[in-house]
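*Asks:* Whatever this is, show me its structure:
(2 chains)
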Amino acid sequence: MLFNSLEFYIFLPIVFLLYHTFFTKSIQSRNTFLIFASYLFYGWWDWRFLILILISSVSDYILGLRIFTSVSKAKKKYYFILSLLINLGILGFFKYYNFFIQSFSELLEVVGLNPNIHTLSIILPVGISFYTFQTLSYSIDIYRGRMKPTKDFLSFLAFVSFFPQLVAGPIERASNLLPQFHKIRKFSYEYGRVGMKLILWGFFKKVCIADNLSGQVDIIFQSYESLGALDLMIGALFFAFQIYCDFSGYSDMAIGLGKLFGFDLMTNFKYPYFSENIGEFWRRWHISLSSWFRDYVFIPLGGSIGTKLFRIRNLIIVFTVSGLWHGANWTFIFWGFLNSIYYLPSLFIRFQSESKIRRYVSICATFFFTCLAWIFFRSPTISDAFQYIVHVFENQLILTGSYQFEFTLLLPFILFEWLGKKQIVPIMNLKLPFIWRYSTYLLLIFIIIFFGAFNEQSFIYFQF
Amino acid sequence: MERSTSKVLFTSSSNMKKFLQKILLFIWIPIVFIGTNLIVDPSGLFIDLSEPVEHLKNNNHLGSFTNYDERSFVKEFLKRSNGEKYDIVVLGSSRSFQINTNSFKEKKRLLNLSLSQARLQDLVTIYYLLKINNITYDTLIISIDPDYFFGKPDYRWRSYERDYLNALNEFKIQNKLLVSNGVKPSALKQMLSTDIFKLSIRKILQNDLKHYELLEDSSGYKGSIKCPDGSLLYPMNKRNSGDKENISQFLRNKNYFVSNDIIVQRKTLFESMVEQITSTDKEIIFYLSPFSPRLFTINSLYKNNIELTETYLKVNLSSYTMIGGFNLNEEYPDSDMFYDLNHPKRSLVNELFAKSLD
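*Replies:* Alright, predicted model coming up:
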């Protein structure tokens, strides 16, 4: 079920009202209802894949307890590795099997062998990378002694499958989200107010900005050979905002929905395009994933301790693996690698500028390099991405397309984000009289109705 | 396990009350939204289609008859035409709307049953409806569209889903896979559609709440005209202008798949249908409605779909009469002969038929 689908518009009010009226008696009944709603939400796409969520949940629940109760270190390690194998095995098979087989086959061809290896028709389960990483963090934290396992199976099932963040994050840490399933969750007006604003802004970003840009982006990236150089630059710019509004829009809605059910989910975006350097960008973009890789890959590898070469190695590994997390394609790996190159100066130099002009120049430069990297992320192959960049220089410096509509939406949006960048979302704490605030929300709703693209496009990050 | 108390429930209720009070400030929006869509009903989901059908059958032209459920309309039309005989019947998508009685030198009794966003399911169902309503004809023109093979599913055909299933049964076509669970064009969908809302507002602003106009004299009428032969004349401004459509506008909706081959189920359904249709002694003509030359100037994936479809048809339908072609750039390089990127003008269609049937 998509957040921007007819089914969800019906699903949400029903679940919300039932949750806050009939399922208030005990934590257990609330969690059971949330599990039911979450499984319905996910199963609407393909009920067969519920079994994967169930396998992941059951195995990590049992193994978490075993890791904790085992006395010997060897046993703890054994159960921990088993948990890793199950989670990464599921992820590896469904997401990376064909990629590795194909890449291996191509490698053999390069050395003159003619392998007869077949790929399989495997459907990629929606959100597999998100819930797998979430459950992995649970096992790792228990193994490291940072948290105790839960004995409440229902809470654990609800934690893994919680529908607002099940398919595209934020990737929650068990230490943050799981205890919330153990508490009595009262409906709070404040949570409801914040939640609705997050949902409204996220929805606006998705249907008005991201989905309206997606059509142009697709055409430009398909036809880069024959379009003007300016079109190609606009294509990269549009994709940068498409992916930002698509994903951060989803995150805003997820966090907002969480609030409606009494949960605090972690912030996932903090206006990343206003960053002054790549290091800052990565502290503001997909924060739940960046911090996951920092805590569970970068720091265990040695982090920023050790020789320069050692730190560089760690950084390249983390970014490349993070690229691979995004998808089974060399383009994502290259995108990750490119970002590690961008990030390297941040390891050794502290960027801080007092001058306003220098700050703005830094923001623009960071945005430029980010857009450049997005070309690799969006292109079907690395060679296409390079060709795209080459064509920016080779094609005539003209504009062949017409983008007034998209810019009419995009420019005020950027301005509004800039002005509201101190809030979680720009409309969060409007210091205006009631009637003006009310009018702003109404205006936003009417912009969504009249300018939103309502063809139920999936969120880009569902595929990861 | 902790249990909540009635006090908790009470606190929660007061918060909820305040929250719902605020939500109520916005509740008029969906009410107005749904109400407008219901009252204006721009899709004519709640109108009695027998009336416009009768008008058309009485040789009248209908002005600005748009956004209605074309499938239900055609079904009603065929029901009321039981036992009638036509010289030519046309099946196809909006790209064959322009085939009309003047496309042929001799005066013919023609019935154009083309449908917007037609899919293979539509062709099968209408062919079946012709059969069960005992409508006879000498020639059947089937307009082929790349979207039959590469178009994303469009569920408008579910308006007559029962007839489609009966058709599969009757023609012994084993293709249940094409029976999908997409949403039917329904009152519910209309009520919640932003597109319908925009259309409703436009109709209100234009003070035009009628579903169609009965035209005594269609010449000079500025809106679209549904002709008694089933063909459609576009609104005057579109009729008089050439293809100026923004390419991105056409491809924005991404209503097509990108694939190196035709989806097997579609191929099977098409071939079963052709086998069924060609088993009769009627003359069968396949029509390939051309695309604007401008479409071929961009390196689009759609161009690839067009070429794949044309190659497939030329291999499989080589023994049948075929009129037109998707890519007629050499003969008709002028994009002014098209209303937009994928709809040829009536004059071009007439010329193609005149040339081919000489």
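*Asks:* in the stretch 1-150 of chain A, which spans are helices?
*Replies:* Using DSSP state H, counting those that start in this stretch, the helices found in the stretch 1-150 of chain A span residues A:6-21, A:27-46, A:50-69, A:73-91, A:97-110, A:128-143.
*Asks:* Which of the residues in the fourth one are classified as buried?
*Replies:* This means helix A:73-91. Applying a neighbour-count criterion of 16 or more other C-beta atoms under 10 Å in any protein chain shown, one finds A:76, A:79, A:80, A:82, A:83, A:86, A:87, A:90, A:91 buried in helix A:73-91. In short, each C-beta sits where N, CA and C put it, glycine included.
*Asks:* Let me see the ranges of the strands in chain A.
*Replies:* Counting by DSSP state E, chain A has no strands at all.
*Asks:* about what we covered before: same list, the helices of the stretch 1-150 of chain A, but as CSV with distance to chain B and mean pLDDT please.
*Replies:* Output for the helices of the stretch 1-150 of chain A, formatted as CSV (distance: least, C-beta to the nearest C-beta, whole Å; pLDDT from 0 to 100):
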stretch, distance to chain B, mean pLDDT
helix A:6-21, 6, 88
helix A:27-46, 6, 90
helix A:50-69, 16, 91
helix A:73-91, 26, 91
helix A:97-110, 16, 73
helix A:128-143, 20, 90
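*Asks:* Minimum distance to residue B:58: which of these has it?
*Replies:* When those are compared by C-beta to C-beta, helix A:6-21 sits nearest residue B:58, at 39.2 Å.
*Asks:* Mind listing what's buried along the closest one?
*Replies:* Buried positions in helix A:6-21, judged by neighbour count with 16+ other C-beta under 10 Å: A:6, A:8, A:11, A:12, A:15, A:16, A:19, A:20.
*Asks:* So of these, which two are at opposite extremes in space?
*Replies:* A:6 and A:20 (22.9 Å).
*Asks:* Poorly predicted segments of the stretch 351-464 of chain A, please.
*Replies:* Scanning the stretch 351-464 of chain A for pLDDT under 70 picks out the ranges A:351-353, A:455-464.
*Asks:* how about 80 then?
*Replies:* Within the stretch 351-464 of chain A, the set of residues satisfying pLDDT under 80 comprises A:351-354, A:400-402, A:454-464.
*Asks:* Tell me which stretches of it form helices.
*Replies:* With DSSP H, counting those that start in this stretch as the criterion, the stretch 351-464 of chain A has helices spanning A:356-378, A:382-394, A:404-419, A:434-451.
*Asks:* Dump those helices into JSON lines; add distance to chain B as well.
*Replies:* Putting the helices of the stretch 351-464 of chain A into JSON lines (distance: least, C-beta to the nearest C-beta, whole Å) gives the following:
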{"stretch": "helix A:356-378", "distance to chain B": "15"}
{"stretch": "helix A:382-394", "distance to chain B": "11"}
{"stretch": "helix A:404-419", "distance to chain B": "9"}
{"stretch": "helix A:434-451", "distance to chain B": "5"}
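*Asks:* and the ones you listed, which is most packed in?
*Replies:* Mean neighbour count (mean count of other C-beta atoms under 10 Å in any protein chain shown) peaks for helix A:356-378 among the helices of the stretch 351-464 of chain A, with a mean of 17.
*Asks:* so what does it touch, helix or strand wise?
*Replies:* Here helix A:356-378 touches helix A:229-260, helix A:278-284, helix A:330-348, helix A:382-394, going by 3 or more C-beta pairs under 8 Å, 6 or more residues apart in numbering or on different chains; DSSP states H and E.
*Asks:* For that helix, C-alpha coordinates in PDB please.
*Replies:* Presented in PDB, the C-alpha positions along helix A:356-378 are these (Å, rounded to 0.1, in the frame of the first residue of the first chain):
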ATOM      1  CA  LYS A 356      28.200  34.700   4.600                       C
ATOM      2  CA  ILE A 357      29.300  34.800   1.000                       C
ATOM      3  CA  ARG A 358      31.700  32.000   1.500                       C
ATOM      4  CA  ARG A 359      29.000  30.000   3.200                       C
ATOM      5  CA  TYR A 360      26.700  30.400   0.300                       C
ATOM      6  CA  VAL A 361      29.400  29.600  -2.200                       C
ATOM      7  CA  SER A 362      30.100  26.400  -0.100                       C
ATOM      8  CA  ILE A 363      26.400  25.500  -0.200                       C
ATOM      9  CA  CYS A 364      26.300  25.900  -3.900                       C
ATOM     10  CA  ALA A 365      29.500  24.000  -4.500                       C
ATOM     11  CA  THR A 366      28.300  21.100  -2.200                       C
ATOM     12  CA  PHE A 367      25.000  21.000  -4.100                       C
ATOM     13  CA  PHE A 368      26.800  21.000  -7.400                       C
ATOM     14  CA  PHE A 369      28.900  18.000  -6.500                       C
ATOM     15  CA  THR A 370      25.900  16.200  -5.000                       C
ATOM     16  CA  CYS A 371      24.000  16.700  -8.300                       C
ATOM     17  CA  LEU A 372      27.000  15.300 -10.200                       C
ATOM     18  CA  ALA A 373      26.900  12.200  -8.100                       C
ATOM     19  CA  TRP A 374      23.200  11.900  -8.500                       C
ATOM     20  CA  ILE A 375      23.700  11.500 -12.300                       C
ATOM     21  CA  PHE A 376      25.400   8.100 -11.500                       C
ATOM     22  CA  PHE A 377      22.700   7.200  -9.100                       C
ATOM     23  CA  ARG A 378      19.900   7.800 -11.700                       C
END
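*Asks:* contacting residues around that helix?
*Replies:* Applying C-beta atoms under 8 Å, 6 or more residues apart in numbering or on different chains, the external contacts of helix A:356-378 come out as A:217, A:221, A:236-237, A:239-240, A:243, A:273-278, A:280-281, A:326, A:331-332, A:334-335, A:338-339, A:342, A:351, A:353, A:382, A:385, A:388-389.
*Asks:* what does stretch B:17-27 give?
*Replies:* A:187, A:189, A:192, A:193, A:196, A:438, A:441, A:442, A:445.
*Asks:* Find the pair from those residues with maximum spatial separation.
*Replies:* It's A:187 and A:442 that sit farthest apart of these, by C-beta to C-beta, at 24.8 Å.
*Asks:* residue contacts, residue A:314?
*Replies:* By C-beta under 8 Å, 6+ apart, the contact list for residue A:314 reads A:298, A:301, A:302, A:303, A:304.
*Asks:* quick revisit: now the contacts of helix A:356-378: which count as buried?
*Replies:* A:217, A:221, A:236-237, A:239-240, A:243, A:273-278, A:280-281, A:326, A:331-332, A:334-335, A:338-339, A:342, A:385, A:388-389.
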